[in-house]
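> sharing a model prediction with you, sequence too.
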There are 2 protein chains.
Amino acid sequence: MTLRIGELAARAGLSPKTIRYYESLGLLPPPPRTPAGYRLYGSADEERLAFIARAKALGLSLAEIREVLDLHDAGTPPCDRVVAVLDRKLAMLDAQMRSLAARREALIALRRRAPARVGADGCICGIIELGVSAG
Amino acid sequence: MTLRIGELAARAGLSPKTIRYYESLGLLPPPPRTPAGYRLYGSADEERLAFIARAKALGLSLAEIREVLDLHDAGTPPCDRVVAVLDRKLAMLDAQMRSLAARREALIALRRRAPARVGADGCICGIIELGVSAG
DNA sequence: CTACCCCTTCCAGTGGGCTGGAAGGTCAAG
DNA sequence: CTTGACCTTCCAGCCCACTGGAAGGGGTAG
């Protein structure tokens, strides 16, 4: 159960570069090394990477994941923090979806009127240029 | 109707930096200069910036806007291209909204089960870690 | 003259999550 | 011995739309 970085990366579906990058961000503790300097990992690291993957899939940034991991490593159950982060994510997601929906409406309205605007005079492109009421 | 860059920027609601940046990207043609090298703009530039602002609000990237403007400057009505870009934007928007909606569902389900997962043993944080079926 | 604001150019940094590449060390197989 | 896969470090770049700052010139008011 001792892995070099390439093996760990393969199991986690990442590149060795990414593992080293995570270590540089403090997401993974500095692992023990062989005399030649090769990093050596165990199953705890694999689980940690699985946790990171799950948190990433939920939309947490690496900085947020690091915060949670730091709490855990300090012996504090990170769950309260996780709930707070999740709630914030949810609020941001809602806001983002609203703005996307608004843009989508604008785009669809424009798209519907586009044929009538093609070739409008005195402007760069009537589709974009003319006000919503026109057409 | 001759403006220096600061004046034009103020009218367009941009910074002089941004105007120069747009020029460097080819969104604005290189304007005439005073003997001292100051850029001089006219109402056509103001309209061009208004067009850019509108296109940006629709979600076009500066590269896409440049493409449209290049077509226009070459004497080709850009409307066909605009329609294609708009359609692509719409498809991307839909895909993005679907993925956001999926993440939102996952987040909400997780959030609902969170209390039962707090303090789960043998993992970093039960809220994130446990499978969807758990709880 | 100074003060002050505007203008010029060019270089560099922001954020996020990597990725590429150079230059070199290590280790097992053939 | 060589080959080749793997490892190490460090620096640099990607995307996007700017933004900051340095270093210097221009133009006008007092």
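Thanks, I have the structure now. Numbering: from 1, shown residues only, chains lettered A, B, ... in the order given.
> what does chain A have sitting close to DNA strand D?
When proximity is defined by Cβ under 7 Å from any atom of the strand, chain A lies next to DNA strand D at A:4-7, A:16, A:20, A:33, A:37-39. Heads up, the C-betas are built off the backbone N, CA and C, glycines and all.
> filter these down to the ones in helices?
Using DSSP state H, the members of the residues of chain A next to DNA strand D that fall within helices are A:5-7, A:16, A:20.
> of these, which pair is most distant in space?
Pairwise distances across these peak at 14.1 Å for A:Glu7 and A:Arg20 (criterion: Cβ to Cβ).
> may I have the secondary structure class of the residue in chain A sticking out farthest from the centre?
Ranked by distance from the centre of chain A (Cα atoms, centre = their mean), the top residue is A:Asp121, with 44.4 Å. Secondary structure, DSSP: H, G, I helix; E, B strand; the rest coil: A:Asp121 is coil.
> quick one on the thing from earlier: buried subset of the ones in helices among the residues of chain A next to DNA strand D, written for ChimeraX?
Buried subset of these, written as a ChimeraX selection, criterion 16 or more other Cβ atoms under 10 Å in any protein chain shown:
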select /A:5
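> report the distance from stretch A:19-38 to the chain centre.
The chain centre lies 22 Å from the centre of stretch A:19-38; the measure is Cα atoms, centre = their mean, to the nearest Å.
> measure it end to end?
End-to-end distance of stretch A:19-38: 13 Å, with Cα to Cα, to the nearest Å as the criterion.
> tell me the domain ranges of chain A?
A:1-58, A:78-135 (automatic domain parsing).
> wondering if the last one reaches DNA strand C at all.
No. Contact of domain A:78-135 with DNA strand C (Cβ under 7 Å from any atom of the strand) is absent, the minimum separation being 11.7 Å.
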